[in-house]
Each structure stands twice: as C-alpha cells, then as structure tokens.
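J.: Sharing a model prediction with you, sequence too.
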Amino acid sequence: MARHYFRGGRERPPLPPFNPQPAKVFKFKIEKILGSLYLIKPLLEKMDIQAIVDSIVPNRKENGQILTTGEVTEILVANRLHYPLPLRDIELWADLCGIDKLFAVESNNLNDDRLARALDDLNEYYEEIMTALALHVIQEFDLKPEEVLWDTTSIYFEGDYDEAEIVKFGYGDKSDLKQIKLALNIDKNSGVPLRGDVVPGNLNDPTIVLKNLKKLRQQLNKEELLFTGDNAMGTVPNCLLLHHNKFHFVAPCPASSLFEQAISSVTPEELDECVFLDKDGTPKFKVTEREVYIDSVDRKKKEELKDVSPFWARCLIIWSKSKAKLEWERREKYMLQIEKRLTDIALTKLNIRRYKNKEYAQNQVDKCFQGPKSYLREIFANPTVKEKDGLLELVYTIDAKSLADLEKRDGLYPVVTNVYDHEKYSTQELFKITRKKYSVEQPMRYLKSKIKVRPVFLHIEERIIGLTLVTFIALMAYCILEHLAKQNINTKATTHQLMKMFASIIFTEGEMLDGTYFNTVVNVKEQHIHLINKLGLAIGSYGVLSRIQLE
C-alpha cells in the first residue's frame, strides 16, 4: 500500500472512510449563485439609482406596467457589473443569479419588451438622470470635485445601423467599424466619472470638448473647476474657445508652429533645474516653462472663433525619457529604411527600364518620405534625381546639423494652461497634474474590459443611448467601489479584487423532511461582513450586517 506524506516527510494520517449519510435531507432545495451581486446590491442602494430614476421617469403602472424604469435600470446596472450579457439573455441571468430574491423582481418580468421601454425612457430623460445621479453621488460619497479629467472613448458596433444617425464610421485603430463616442468627465481625486456624453462616432475629439464641459459646469453648478485633457483638448482652436468661455485648463498640445520657438529656445541647463527621477535614480522627466501667445492664423475666418481674442498662456516644456527613447528608436528605424531604399534606387534601379524616366525616378525617391517619415526629408538634404552626362544620378547626403537639431528635440513636448496663479500652481504642480491622466484612462479600461459595453447589437438609436447610460452608471458604481476600497481598506485595493472575494456566495432555499422551510445565504464569511462594514455599505437592507459585527 502506497504511503502519502506531508511536506517535511511526516506521514499523513489515514483519511476517514466516505460516509454516504447526508447531514440533512431535503424535500427540495434551490441554489442561486449571487457571487459579487451580494456586494453590488448595497452599493446600488446607496447610489439610490432606482429612486432617482423613478423620481424623473413617469410611473406607468396604471397602464399595466409591473416594474418601474428605476427597478429595471438598477437590475441592468447590476448585470453590467456582475456578468454583462446581451439584453435577450437578461431573463436567464436573473433566474440563475437570484435577482428575484435580491431585488424582489420576478425574472419573467425582465422580458425584451420591458427592457426596450426602459431604454427608451433612459434616452428620453438622459440629461435629468445624469445630473441628478451625479449630484447625489457627490453628496453621498463626499466627493469634492475641483480638478476634472476629460477624455473620450469609442464604443464599437457590428452590423449596418443605417437608421442610427449617431452610429458612424470614426477615427482611431478601428476606423473600419461603426462607433459612437462617449466623452467622460472624471473627478481627479476619487477617479469617479461624473458625466458621460454620447456623441456621433464620426466627430473628432476637438469638436466635442467645449460642449461637453459646458454641460458639466451647468450640471454641477460650479464655476471654479480645473480641466485636464489630452491633445484633443489642447488644440489651438480649443484653447481659444476654452479661455474665451472662462474654463481653466491644462492640456498637452499637438504639433503646431506656435510652440516651435518656445521648444527650440529651451536649453539643457534650464531643464536640469526641475527634474523628476525614475525608480533607478535617473531623470524620468524634466520641466521648464515659457509664455506662448495663443492665436490662430484663420481665427477671423472661422465662425466659432470670430469673437474670440488671442491670449498669453503658460507653456510647460516637458522632456520625457520614454518619449525621447521612442523617438530616437523610431527615427533610427526610419532612417535605416530610407537609406536602404535610396541606396537600392541609386545602385540597382536608376537608368534601367522605368527608372530611365527622371520624373518617375524622383517620384519613387519621394515615396521614401511619405507619411510619418516626411520630417526626415531635410535630414537627407532633400534627395534629388539629377541628369549628368546623359545618365540619371541620385544626390543626397546626411545633414549633420539638421540631425543634431532634431536630436535636441527628442522627448520634448508642450503643455499649455491658462492658470496664472504661480503660487498655487507652480511649474512642478502643473506638471504633476498632467501626470494624473491615468485616473481617466483607468475607467476607460474598466469600460472596455470589466464592464464590456462593446460590441453592441442594438439597432434603434434611442436604445443605444439608453444602454450607454446604463453602462455609464455601472462604470460610476465600479469606480465608487474602488474609491471606497482605497479610502477604507488599502490604497492598492481594487474593485476587481473585491468582486472575486465575493464570487462563492450562494442563496439557497428549500424544505426539510419535517416540513421546515428555510432560505439563507451560504458561504458568507467574517471577512465579507467586515468588508461591507468597512466600505460603509451596511445600510438599508444590509443594516443587519452592522448588528452582526456588534454582537
């Protein structure tokens, strides 16, 4: 007979024989897998989603409607957080996961028609619901929005969507797919999104910024907000419009001749005066500052800029180690490719077949500098095909000075702001603000991975917008939970980790042989009750959990 050992060589004691006699015998027993819904339920209660929606959307129970739009919305948000499914599968999910027990809603009432009407309602009252929910969340979770991060993300679609005006071919990595854009405003301190605007997929980001920020300012009824964004916010037209409308902003700027002189004037000695170190002790970022006059050459020709005045802005010139490395590596790669192609043309192609034609040969040379390589033409001294003694020759050289000037600019980029309080917002402080973009980028990743809104298969525009609102509320809930975890548990805690901890919780009900009926929650451990209390979620129907700890 084989022996079994513990670690360290100790022999394991024999296991007790299998006992087929059950501890309890039931007439029937039903189990529902609650999982993370056990944690999600009190969070949605505290957000007051059902009551807020129902205070805005008319109650139609007199017309035979069994569930209110608020009830349906709360359940759809729970689904997005727990196990997002196509809407046609919500009934099955609700039945398997005990939604009837958690939310006192029969799963067969979550049919396609009721969900569709709820999404229609959410579209119709989108603005009112968004505003009321944001104001409640700010008060309930003690958020203090002073700095707001702005960005957009795309939601991709599969199918034709010919009747949906808002679903369009757009920009970015998946320009071949139809999409809508969601413009997000996120409280920098908590990471909680406060607003999400749905815009057509074919609008590029610069056209979205001002309209979105105006809505947020009106929604919060707060003038003194500092907005941080990406290159789309920092375009020259946007800078002019934001400043004209009294928005304070900090944003990196796309390439523009406006900033060329400022960047070129920076010396290594200036950059060395303000250095942020990497983990290995080497400089990761260097920062200095200039003033730049923000104006547009065609300002008076554009209708939206006619009444806008130019202004002097503070301009941070930032050197980034990773950006410098990337630009150097990309330039080396491009230069090798160009050198190889030019050498091939000069030595093996010229004066043969089509390359006997000077115009054709020059055209092939010019193709070496198409697209992202165009800026390198000057480095190669503008290669030219010339005729000499009846033969064509390719003339080019590496311009050492131009290359050296380009290398000096590696890693440098401008960030512009109309915040002039140097005492409150020093160069260093403004730089730190620009580095907090991850707070908006993280929710983008949640939206696309954890909450899974794409691809979407709805085809009616109003319902697409309604489902996007549901998804935004789910994103808000996800980020609130993470904010609470970082505040009350530890700074590295995440919503994903918390949900995994609750994954094994089950609701069970049944009847014993003696006729005793039971229903209870199984697999709830001390740590679960402790976490719910620490997160401040032992409220409402979960208030009993606070008493368990006190006993």
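T.: Structure's in. What do you need?
J.: rest of the way, CA atoms for contacts and neighbours
T.: Noted.
J.: wait, Tyr126 sits on Leu469?
T.: Yes - shown here, Tyr126 and Leu469 form a contact pair, counting by Cα atoms under 8 Å, at 7.2 Å.
J.: Count the neighbours of the residue nearest to Thr495 when sequence neighbours are not counted for me.
T.: Residue nearest to Thr495 in three dimensions, not counting chain neighbours: Glu482, with 4.9 Å by Cα to Cα, 6 or more residues apart in numbering. Counted with other Cα atoms under 10 Å, the neighbours of Glu482 add up to 25.
J.: With Lys333 instead?
T.: 12.
J.: Specify the local secondary structure of it.
T.: helix (DSSP: H, G, I helix; E, B strand; the rest coil).
J.: Equivalent analysis for Ile398, please.
T.: When classified by three-state DSSP, Ile398 comes out as coil.
J.: That one: how many residues sit nearby?
T.: Using other Cα under 10 Å, the number of residues around Ile398 comes to 17.
J.: could you pull out the helices for the stretch 51-200 of the chain?
T.: Per DSSP state H, counting those that start in this stretch, the stretch 51-200 of the chain carries helices over the ranges 69-82, 90-96, 99-103, 112-124, 126-140.
J.: Give me the contacts around the longest one.
T.: This means helix 126-140. 46-47, 49, 52-53, 56, 122, 143-144, 194-195, 219-220, 466, 469 (Cα atoms under 8 Å, 6 or more residues apart in numbering).
J.: Which among those count as buried?
T.: In those, burial by neighbour count holds for 46-47, 49, 52-53, 56, 122, 143, 194-195, 219-220, 466, 469, counting by 16 or more other Cα atoms under 10 Å.
J.: Could you point out which of the residues you listed is nearest to Ser256?
T.: Checking these against Ser256 with Cα to Cα, the nearest one is Arg195 at 30.5 Å.
J.: Give me the pLDDT value at the closest one.
T.: At Arg195, the model reports a pLDDT of 94.
J.: Would you indicate which residues of stretch 234-250 are buried?
T.: For stretch 234-250, the neighbour count (16+ other Cα under 10 Å) marks 234-243, 247-250 as buried.
J.: Output it as CSV, nothing but the C-alphas.
T.: In CSV, the C-alpha atoms belonging to stretch 234-250 read as follows (Å, rounded to 0.1, in the frame of the first residue of the first chain):
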residue,chain,number,x,y,z
GLY,A,234,-5.1,71.2,-26.3
THR,A,235,-5.6,72.2,-30.0
VAL,A,236,-5.2,75.9,-30.7
PRO,A,237,-9.0,76.4,-31.5
ASN,A,238,-10.0,74.6,-28.3
CYS,A,239,-7.5,76.7,-26.2
LEU,A,240,-9.0,79.9,-27.7
LEU,A,241,-12.6,78.7,-27.1
LEU,A,242,-12.0,77.4,-23.6
HIS,A,243,-10.2,80.6,-22.5
HIS,A,244,-13.0,82.7,-24.1
ASN,A,245,-15.6,80.8,-22.1
LYS,A,246,-13.7,81.1,-18.8
PHE,A,247,-12.7,77.5,-18.5
HIS,A,248,-9.4,76.9,-16.7
PHE,A,249,-7.5,74.0,-18.4
VAL,A,250,-4.2,72.2,-18.6
